[in-house]
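Novice: need the 3D shape of this:
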Amino acid sequence: MTAPLSRRWALAALCLGVAPLATAADPDTEDGADEAELRLNPLVVTATLAPRTADESLASVTVIDEGDLRRQDPKDLADILRAQPGVDLSSSGSFGKNTSVFMRGTGSESTLLMIDGIRLRSATTGGPAWQFLDPRMFQRIEIVRGPRGSLYGADAVGGVIQLFTPEGEGGPSPRISLGGGSFDTQRASASLSGREGGTRYHVAASRLDTDGTEVVEGEGDKGYDNTTGLVRVSHAFDSGAELGVLGLRARGNTEFVGGDTDYVQQVAGVYGELPITDTWTSRLTLSEARDESDNEDSFGDSVIDTLTHTARWQNTVALGDHELIAGAEASRDEVDGTVDYDEDRRSNVAVFAQALMDFSPLDVQAGLRHDDNEAFGEEVTGSLALGYAFDDRHTLRASYGTAFRAPTFNELYFPGFGNPDLEAERSETLELGLRGQVERGFWDLAVYQTEIDDMIAFTLEEGRFAPFNVEEARIRGVEVATGAELDDWTLRAALTYTDPENHETGKRLVRRASQSLRLDADRELGDWTLGGSWIAQNHRYNDTANEERLPGFGIVNLRAGWRFAPRWAARLSLENVFDRDVVTARDFSGRDFEGAGRAAFLSVRFGE
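Specialist: Numbers count the residues shown, from 1 in each chain. Okay, the predicted model is just below:
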């Protein structure tokens, strides 16, 4: 990516960041300003374990709400996450192919994924299977950038992404959607949600089936199918107590060069919340997460199933203008299948506490957590964030946080390969941010530096090629995010600069872009909505020596919606309109994993 283009990206993002400020003095913007401000300064729970507006969270956060998901109608999470502030992706093809999410330049294993408070990942690979989750099952996505080890324990080094399912509200509300498009893709979904007295419910199912595209040139199309079911029910009692259950299961098949995989992704949980006193609320959550795969490839057949059971007890105490959150968590990972691991289970016990203190105009947040893991020992993580409100529109924040990444079962115990002496990776992050908020717009600027010690790398040492704690990394970055709602326009922009460097070699970490820009614009025109996204990223490298360069890209997506009758709507999406090559990974033979190219999708929906 050339320097002049980089300057144009920065100029465009900064201009959009300044534009919302002009609306503050316009009295004509007052109508509907409160609703717009709530969307642009939304409540966030992932950053602090308690509801806080984005500026009060003292963190770099991005919220993708139901409106964004409906307008953009993504086929998978990669479509909506790509080039969000601080977020980068790498994938081995389109439609259900392996996808890695890099938060602030850290590895995919260092980005924590949660669904309604339940952690989902593979204990063997360390990262979640992002590609198998249907975005139509979710109502909201919260992206919190920066370490959250003091709240969530292992793997929250780069940040946390939490997916929220609908709770149900109002009378019974059915919704049905049918659609299809390029590559013989067919999509269908249905849901029913509502509220009866103190009971909320939401049930949903979806199906996606596609012939897919070529993963690498000359190997033929590689198909994908996904069937997902979701049930969420909760009941609030007159006493203030609440009980709830959640179950989400995704299953299907994905084809790749040389084989295919039958997969299952599943989370299930039950929780109870009880007000002990007027100021003390206690919540207990019992959950289970599964990642299962049945693989057929040129190396033979294999089955790898991982299961995590977790019990989490959390207490929230209001102390005037302050709040204290404290609790304990116990979890157990189990691995089963055809691979004979030296160890096939491990447990972790943790205690944590966080103080949210309001000394207006100064806010202080401090957290501490102790983890005791039978595989790699004890870890203590902490955080401190300070926020100063210059006025009711501008907040300066500074934070320091530590985190760690747990070694995976593959890294510790894989036969003939694992290293049981591995220690966890440890990180320290410093961040400084400034957020401006007006009635119909916001802007947010953040600069940070993360240092990671004892990085786990695959290297030749002690006479064998295996994972060892050998490397250090230093990651620096700048993020600019802005948004506005002007008249009938909804505008968002994100500019990210990241310098993810292997501190020992000075080389950029593998498959990370250093610059990205995302612009989203949508407009209401009566019964019509028109919109588009421009996503651009510079080059990245496929190898540690930075010799295999993968070119940058810029893609344009267009969309249109039409409410043609009460409760009926149609939506047309044109993706990668100019048919640009999108390559973010390369195989061991030097062949590029190719993106889908130009594609069109049409859907019809009934329901609000």
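Novice: what's the local residue count around H503?
Specialist: 15 (other Cβ atoms under 10 Å). To be clear about C-beta, it is placed using only N, CA and C from the backbone, and glycine gets the same treatment.
Novice: ok, it to F458 distance?
Specialist: Between H503 and F458 the distance is 18 Å, computed by Cβ to Cβ, to the nearest Å.
Novice: okay, D301: pLDDT?
Specialist: Note on D301: pLDDT of 89.
Novice: in contact with it, which residues?
Specialist: Contacts for D301 (Cβ atoms under 8 Å, 6 or more residues apart in numbering) come out as D294, N295, T338.
Novice: isn't the last one up against S302?
Specialist: Yes: in this structure, T338 sits in contact with S302. The criterion is Cβ atoms under 8 Å, and the distance is 5.0 Å.
Novice: more neighbours, the two?
Specialist: Neighbours were counted for T338 and for S302 using other Cβ under 10 Å; S302 has more, 15 against 12.
Novice: so the more buried one, which state does it fall into?
Specialist: Three-state call for S302 (DSSP: H, G, I helix; E, B strand; the rest coil): strand.
Novice: cool, and V335?
Specialist: Following three-state DSSP, V335 is assigned to strand.
Novice: now for the closest residue to it other than its chain neighbours: which residues touch it?
Specialist: In this structure, V335 finds its nearest non-sequential neighbour in D344, 4.7 Å apart by Cβ to Cβ, 6 or more residues apart in numbering. Going by Cβ under 8 Å, 6+ apart, D344 touches E334, V335, D336, F409, Y413.
Novice: any idea how far P74 is from D344?
Specialist: 36 Å.
Novice: model confidence for the residue nearest to V335, exactly?
Specialist: On pLDDT, D344 comes in at 92.
Novice: and T459, by the same measure?
Specialist: T459 carries a pLDDT value of 75.
Novice: what does D291 give?
Specialist: D291 is given a pLDDT of 97.
Novice: any idea how far it lies from F458?
Specialist: Taking Cβ to Cβ, one finds D291 at 22 Å from F458.
Novice: neighbour count winner among these two?
Specialist: A side-by-side neighbour count of D291 and F458, using other Cβ under 10 Å, places D291 first with 24 against 14.
Novice: beta partners of that one?
Specialist: Counting by DSSP bridges, D291 forms beta bridges with Q265, T306.
Novice: just the helices in the stretch 101-250 of the chain please.
Specialist: Residue ranges of the helices in the stretch 101-250 of the chain, as given by DSSP state H, counting those that start in this stretch, are 149-152.
Novice: got any ranges where it has weak pLDDT?
Specialist: By pLDDT under 70, the stretch 101-250 of the chain has no low-scoring segment.
Novice: all strands of it, in order?
Specialist: 111-115, 118-119, 140-145, 159-164, 173-181, 185-196, 199-214, 221-236, 242-256 (DSSP state E, counting those that start in this stretch).
Novice: CA-only coordinates of the third one, as CSV, when you get a sec.
Specialist: What that stands for is strand 140-145. As requested, the backbone C-alpha atoms of strand 140-145 are provided in CSV (Å, rounded to 0.1, in the frame of the first residue of the first chain):
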residue,chain,number,x,y,z
ARG,A,140,-26.0,-7.8,18.7
ILE,A,141,-22.2,-8.0,18.6
GLU,A,142,-19.9,-6.3,21.1
ILE,A,143,-16.2,-5.9,20.2
VAL,A,144,-13.9,-4.9,23.1
ARG,A,145,-10.3,-4.2,22.2
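Novice: quick one, longest strand in this protein?
Specialist: With secondary structure taken from DSSP state E, the chain has its longest strand at strand 464-486.
Novice: quick one, it and strand 140-145 angle?
Specialist: Calculated by axes from the mean of the first three to the mean of the last three Cα atoms, to 10 degrees, strand 464-486 forms an angle of 120 degrees with strand 140-145.
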